[in-house]
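**Student:** Pasting the sequence and the predicted coordinates here, then a few questions.
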Amino acid sequence: MAVYTQVSAETLEEFLAEYDVGTLRSAKGIAEGVENTNYFVETSQARFILTLYEKRVDVADLPYFLSLTAHLAEKGLPVPAPIEDRRGRALQDLCGRKACLIEFLSGVSVDEPGVRHAQAAGQMLAEMHLSAADFADRRPNDLSVAGWQALHHELEGELGGISPGLDRLVGDELRHLAACWPQHLLAGTVHADLFADNVLFSGDRISGVIDFYFACTDLLAYDLAVTHAAWAFDGDGAARPELGEALVAGYQAVRPLSEDELGALPDLCRGAALRFLLTRAYDWINTPPTALVTRKDPLAFARRLEHYRAA
Ligand SMILES: Nc1ncnc2c1ncn2[C@@H]1O[C@H](COP(=O)(O)OP(=O)(O)OP(=O)(O)O)[C@@H](O)[C@H]1O
Ligand SMILES: N[C@@H](CCO)C(=O)O
């Protein structure tokens, strides 16, 4: 579950009184998600998400994330716009946390995406890249090669406890990627976490893209690689090449990849698999068993990494 911070009805009413959004009808904590506290809020005028940012989000990054979603929403993409109060403020203080009232988007995420979902996700990713081309803010990706090396350093000696041979796999892979990571591909603003649970569908149409809290400035083709690692495998980690092909085709229908980007894609996919392997392994080792959150399996991404290495 993800309601770490409780907000009483009285506090919420006072909070909403600063906005032109009508009066509170109902509010309910949302169980999905692991990072932040989310409430579903209904007022006399509309539905909203209220997010309270918990410890893992760097407060200094919040203006970047909120400006980016505002920018993409203004361009007409189905991205949740932050709502401003009467004084023009989107980022607020609430119950000891930074908080934001956010536009509610309808639709549901799909547990087992099909080819049409993957194609739509690829298309949407490319549309986001194009729409963010004039977004001026920058945020370096702290989860690229140097970040992976730092994480590996922290985890050294502990990865073998998750699975024998994992430490060696990660070490070998890091050496390979550090030596070949592309430096000159087109960079821009990337989502960097476009998993299926962050895409809402109404039928085959995407009605929402959420969770921009890893967004940053990085290679556009790396974002496609992250999305490939997230979408082109089934729940057991077996490759679903038809989903990967649909994803890349959807992307290229909007923004064709350059020869260099296509050539680099295999290594970028290896990097993407390693990124989620490492962050999941970190959480696996550092989340106390008593914590309320469900830890995500790092080995699902070790299998993806092995798949990309063999391909
Ligand atoms: N703008 C939105 N419109 C509709 N539903 C939303 C919106 N934002 C979040 N949700 C719902 O809230 C749930 C949790 O949101 P989110 O995935 O952002 O949680 P999180 O804890 O920040 O992130 P993580 O996915 O990394 O655990 C989503 O699965 C979705 O159901
Ligand atoms: N999408 C990430 C979680 C962080 O949002 C994962 O599946 O490991």
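**Tutor:** Here it is on my side, so go on. Ligands and ions are numbered 1, 2, ... in the order given.
**Student:** what about the nearest residue to Glu84 once chain neighbours are set aside, neighbour count?
**Tutor:** Spatial nearest neighbour of Glu84, excluding adjacent residues (C-beta to C-beta, 6 or more residues apart in numbering): Ala90 at 5.0 Å. C-beta here means a position set from N, CA and C on the backbone, and glycine is covered the same way. Close neighbours of Ala90, defined as other C-beta atoms under 10 Å, add up to 19.
**Student:** wait, what's in contact with Ala90?
**Tutor:** By C-beta atoms under 8 Å, 6 or more residues apart in numbering, the contact set of Ala90 is 66, 70, 82-84, 100-101.
**Student:** try 7 Å this time
**Tutor:** Applying C-beta atoms under 7 Å, 6 or more residues apart in numbering to Ala90 gives the contacts 66, 82-84, 100.
**Student:** swap in Ser144?
**Tutor:** With C-beta under 7 Å, 6+ apart, Ser144 has these contacts: Asp218.
**Student:** which secondary structure element contains Phe40?
**Tutor:** For Phe40, the enclosing helix or strand under DSSP states H and E is strand 37-43.
**Student:** Over to the one residue in the chain that gets nearest to ligand 1. Which of the three states is it?
**Tutor:** Closest contact between the chain and ligand 1, by C-beta to the nearest ligand atom, is at Gly33 (2.4 Å). Three-state call for Gly33 (DSSP: H, G, I helix; E, B strand; the rest coil): coil.
**Student:** Tell me how far the residue lying closest to Gly161 once chain neighbours are set aside lies from Leu151.
**Tutor:** Spatial nearest neighbour of Gly161, chain neighbours left out: Ile285 (7.6 Å); criterion: C-beta to C-beta, 6+ apart. Computed with C-beta to C-beta, to the nearest Å, the distance linking Ile285 and Leu151 is 11 Å.
**Student:** returning to what we had before: may I have the predicted confidence score for the residue nearest to Glu84?
**Tutor:** Note on Ala90: pLDDT of 98.
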